[in-house]
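> no letters, just coordinates:
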């Protein structure tokens with residue numbers, strides 16, 4: 001018996017080792033990508049700003065909670081280092097997912113299948129696992145919280161587990177606000193099994209909610225004491241209201257959002273009445289996939305990396321399908337609906353098939369640097385040419401202003417925008433965008449102003465600047481006094 005247990009553990013070890021190595025090689029090319037992805041450019045710029053003593057949100061801005069930017073600042077906004085961190089976080093997510101799958105799936109084969117599929121999808125660039133976005137850093141927190149919630153239900157008397165789970169999901173919230181949907185899924189799950197007794201309900205729910213609120217409250221206190229709380233509140237909460245409203249108009253403003261909310265509510269109600277005839281851990285998977293789909297479809301925007309938030313629950317649902325059993329039709333139907341929604345509502349990285357040959361060809365000298373950079377985005381070589389010109393002409397402590405949406409050039413030149421906003425669409429979309437940038441231009445007097453092509457008309461005065469050069473349609477103006 002001991003030998004069998006040892007063999008089983010050994011199989012788990014070798015499976016995880018193989019899967020982790022496989023994942024590593026899937027992600028390896030991402031470490032050597034050029035600076036090309038716009039969102040990462042914003043994160044990199046904010047990381048530089050934080051390290052330069054700028055206060056987040058007040059002095060440098062983006063519309064996410066703060067933890068992602070501090071991750072970038074910790075690694076000095078170096079894309080290679082941040083991508084390594086993302087890779088290691090991915091391996092941690094695989095180990096945590098494997099442990100979670102073992103608690104939910106009764107078949108070892110199903111555990112192995114679901115874990116491998118999780119690693120495959122998370123490793124491929126298909127859903128932008130290669131990009132160091134917030135979702136990559138959220139997943140281990142969300143999975144760890146799910147493990148603790150299941151353990152708490154199994155023991156029925158471990159408030160520390162629920163408190164810790166709340167803290168963990170609260171930290172995930174500080175990476176990206178959409179972790180509130182994972183929190184909601186776990187909260188509803190706890191309600192299902194503690195709602196029969198009011199005292200038991202309060203006793204078990206309170207530590208989970210308290211834990212969730214603690215890290216958020218501490219961060220809010222920091223910005224309050226830094227006299228930047230209104231900026232923090234607007235950036236992470238109120239500014240996202242308009243973002244959500246962008247694609248949800250259906251008959252009435254936010255009509256589509258109300259429809260999705262109604263479908264979610266009906267689905268949750270159905271599970272509540274069926275909860276006593278379903279396995280508890282399976283109910284958690286059902287709730288998690290429902291809230292994850294709502295999360296991904298919440299803003300009705302087709303951004304690829306939004307799919308990442310559904311990955312743990314989606315693959316666990318696949319694991320339930322491989323179990324077959326009496327709920328096979330329900331599991332298969334829910335999986336089919338989930339896949340249809342995800343496939344039809346999101347765009348995917350269509351270069352996935354060519355992604356690895358592109359890397360191999362470059363490594364072995366079959367592709368030029370120019371062609372390698374151009375593979376990721378047609379404008380990437382231009383950005384590198386622009387950065388080379390700026391680095392050759394900028395003196396120490398001189399700065400630039402880019403009127404465009406390629407903030408990665410700030411990182412490539414180790415400079416900062418003159419105002420709070422690092423991209424033109426932020427300047428254009430936020431009420432104080434023009435005024436804040438105008439004051440920054442007057443104060444900082446950047447050495448070069450770069451006006452990118454195919455963006456909004458340049459709205460500021462160019463008095464005191466002469467055009468120095470044009471690089472592939474980019475007009476570069478130099479300060480003359």
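Okay, I see it. Since this is a predicted model, take the numbers as computed values, not measurements.
> give me the pLDDT for residue 157.
The per-residue pLDDT reported for residue 157 equals 68.
> and for residue 243?
Residue 243 carries a pLDDT value of 58.
> domains of this structure?
Domain ranges of the chain: 2-32+63-345, 379-479, per automatic domain parsing.
> which one of those has the poorest average confidence?
Across the domains of the chain, the lowest-scoring stretch is domain 2-32+63-345, with a mean of 92.
> before we move on, the earlier item: export the domains of the chain as a markdown table, with columns for mean neighbour count and distance to residue 51.
C-beta: built from backbone N, CA, C; applies to glycine. Listed next are the domains of the chain as a markdown table, based on neighbours: other Cβ atoms under 10 Å; distance: least, Cβ to Cβ, whole Å:
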| stretch | mean neighbour count | distance to residue 51 |
| --- | --- | --- |
| domain 2-32+63-345 | 18 | 5 |
| domain 379-479 | 18 | 10 |
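> of these, which is nearest residue 48?
domain 2-32+63-345 (5.2 Å; Cβ to Cβ).
> pull up the gap between residue 136 and residue 261, please.
Per Cβ to Cβ, to the nearest Å, residue 136 is found 27 Å from residue 261.
> oh sorry, the question was meant for residue 33
Applying Cβ to Cβ to residue 33 and residue 261 gives a distance of 38 Å.
> and after the helix or strand harbouring residue 24, which helix or strand comes next?
Using DSSP states H and E, residue 24 sits within helix 2-27. The helix or strand immediately downstream of helix 2-27 is helix 38-51, counting by DSSP H and E.
> who touches residue 150 in this structure?
Neighbouring residues of residue 150 by Cβ atoms under 8 Å, 6 or more residues apart in numbering: 100, 103-104, 280-281, 284.
> swap in residue 12?
residue 98.
> now do 10 Å
Contact analysis of residue 12 by Cβ atoms under 10 Å, 6 or more residues apart in numbering lists 98-99, 102, 108, 111-112, 115.
> narrow the residues you listed to those in helices?
In helices, judged by DSSP state H, the following of the contacts of residue 12 are found: 98-99, 102, 108, 111-112, 115.
> got JSON lines for these, with distance to residue 224 too?
Below are the ones in helices among the contacts of residue 12 laid out as JSON lines (distance: Cβ to Cβ, whole Å):
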{"residue": "98", "distance to residue 224": "40"}
{"residue": "99", "distance to residue 224": "38"}
{"residue": "102", "distance to residue 224": "43"}
{"residue": "108", "distance to residue 224": "50"}
{"residue": "111", "distance to residue 224": "45"}
{"residue": "112", "distance to residue 224": "48"}
{"residue": "115", "distance to residue 224": "42"}
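> ok, which stretches of the stretch 251-400 of the chain are strands?
400-403 (DSSP state E, counting those that start in this stretch).
> so which strand or helix has residue 183?
helix 179-194.
> list the helices and strands the helix or strand just after that helix packs on?
Sequence order places helix 198-225 as the next helix or strand after helix 179-194, per DSSP H and E. If you count contacts as 3 or more Cβ pairs under 10 Å, 6 or more residues apart in numbering; DSSP states H and E, helix 198-225 packs onto helix 134-155, helix 159-175, helix 179-194, helix 229-233.
> looking at these, which is nearest to residue 218?
helix 159-175 (9.3 Å).
> from the chain's centroid, how far away is that closest one?
18 Å (Cα atoms, centre = their mean, to the nearest Å).
> picking that back up, residue 123: which of the contacts of residue 150 is nearest?
residue 100 (18.1 Å).
> of all the contacts of residue 150, which two lie farthest apart?
100 and 280 (13.8 Å).
> which residues are in contact with stretch 434-444?
59, 61, 398-401, 403, 416-421, 424, 426-428, 430, 432, 446, 449, 459-461.
> what's the answer for stretch 348-367, then?
25-26, 28-33, 124-131, 302, 304-305, 307, 342, 368-369, 371-376.
> could I get the average pLDDT for that stretch?
95.
> span of it from start to end?
25 Å (Cα to Cα, to the nearest Å).
> for it, buried residues please.
Neighbour-count burial for stretch 348-367 flags 348-349, 355, 358-359, 361-362, 367 (criterion: 16 or more other Cβ atoms under 10 Å).
> just how off-centre is that stretch within its chain?
That offset, for stretch 348-367, works out to 24 Å (Cα atoms, centre = their mean).
> residue 453 and residue 14: what is the separation?
54 Å.
> brain fart, residue 144
Distance from residue 144 to residue 14, by Cβ to Cβ: 24 Å.
> same check, this time on residue 393
From residue 393 to residue 14 the distance is 55 Å (Cβ to Cβ).
> likewise for residue 137?
Counting by Cβ to Cβ, the gap from residue 137 to residue 14 is 28 Å.
> one more: residue 308?
Relative to residue 14, and taking Cβ to Cβ, residue 308 is found at 27 Å.
> kindly report the same for residue 55.
Taken as Cβ to Cβ, the span from residue 55 to residue 14 is 49 Å.
> repeat for residue 363
Per Cβ to Cβ, residue 363 is found 29 Å from residue 14.
> likewise for residue 431?
For residue 431 relative to residue 14 (Cβ to Cβ), the value is 57 Å.
> just the ones of the contacts of stretch 434-444 in helices?
Those of the contacts of stretch 434-444 lying in helices (DSSP H): 424, 426-428.
> in a markdown table: those, plus distance to residue 50.
Below are these laid out as a markdown table (distance: Cβ to Cβ, whole Å):
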| residue | distance to residue 50 |
| --- | --- |
| 424 | 22 |
| 426 | 17 |
| 427 | 20 |
| 428 | 24 |
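> out of the residues you listed, which comes closest to residue 19?
residue 426 (39.5 Å).
> wait, that closest one touches residue 405, no?
Yes: if you go by Cβ atoms under 10 Å, residue 426 and residue 405 touch, sitting 8.8 Å apart.
> so what sits against both of those two?
Common neighbours of residue 426 and residue 405 (Cβ under 10 Å, 6+ apart) are residue 42.
> and the pLDDT at the residue nearest to residue 79 when sequence neighbours are not counted?
Closest residue in space to residue 79, ignoring its immediate chain neighbours: residue 35 at 6.0 Å, by Cβ to Cβ, 6 or more residues apart in numbering. We have a pLDDT of 98 for residue 35.
> what's around residue 35, how many residues?
Residues near residue 35, counting by other Cβ atoms under 10 Å, number 20.
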